[in-house]
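# A structural model of the following input is requested.
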Amino acid sequence: MRLANLTESVLFSMLKNELIPDLEKTERVSRWDGYSAKHNMAIEIKCRRAVYDDMLIEKDKYDF
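Alright, predicted model coming up:
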């Protein structure tokens, strides 16, 4: 699969199948896209057409 065609849904499935088996989708209206109880980790997934050298997180999500 070309990364340029990667969607958030496909990336979520890849993460769940390959790295985080207990990853569950959060509610439709949520700060995060998924949560892993095993790793006590919330994830936010964004797939963009542009390529960035760094990763960003919105300030309100960081503060939360």
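
# what about the residue minimising distance to the centre of the chain, distance to M55?
Geometric centre of the chain, nearest residue: I45, 2.7 Å, by C-alpha atoms, centre = their mean. Computed as C-beta to C-beta, to the nearest Å, the I45 to M55 distance reads 12 Å. Using the backbone N, CA and C atoms, a C-beta is placed for each residue, glycine as well.

# quick one: the strands in this structure, in order.
Ranges of strands in the chain, per DSSP state E, are 24-25, 34-36, 41-43.

# got a list of contacts for the second one?
This means strand 34-36. With C-beta atoms under 8 Å, 6 or more residues apart in numbering as the test, strand 34-36 has contacts from 12, 15-16, 20, 22-26, 41-43, 45.

# hey, which helix is longest across this protein?
Criterion DSSP state H: the longest helix present in the chain is helix 8-18.

# so for that one, what gets flagged as buried?
11-12, 15-16 (16 or more other C-beta atoms under 10 Å).

# same check on stretch 28-44?
Neighbour-count burial for stretch 28-44 flags 33-36, 43 (criterion: 16+ other C-beta under 10 Å).

# follow-up on the earlier one: surely the residue nearest to the centre of the chain touches L11?
Yes. Assessed by C-beta atoms under 8 Å, I45 is found in contact with L11 at 5.5 Å.

# sorry, back to before: now render the strands of the chain as CSV, adding mean pLDDT.
CSV is the format used below for those (pLDDT from 0 to 100):
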stretch, mean pLDDT
strand 24-25, 96
strand 34-36, 96
strand 41-43, 93
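
# no more questions from me, cheers.
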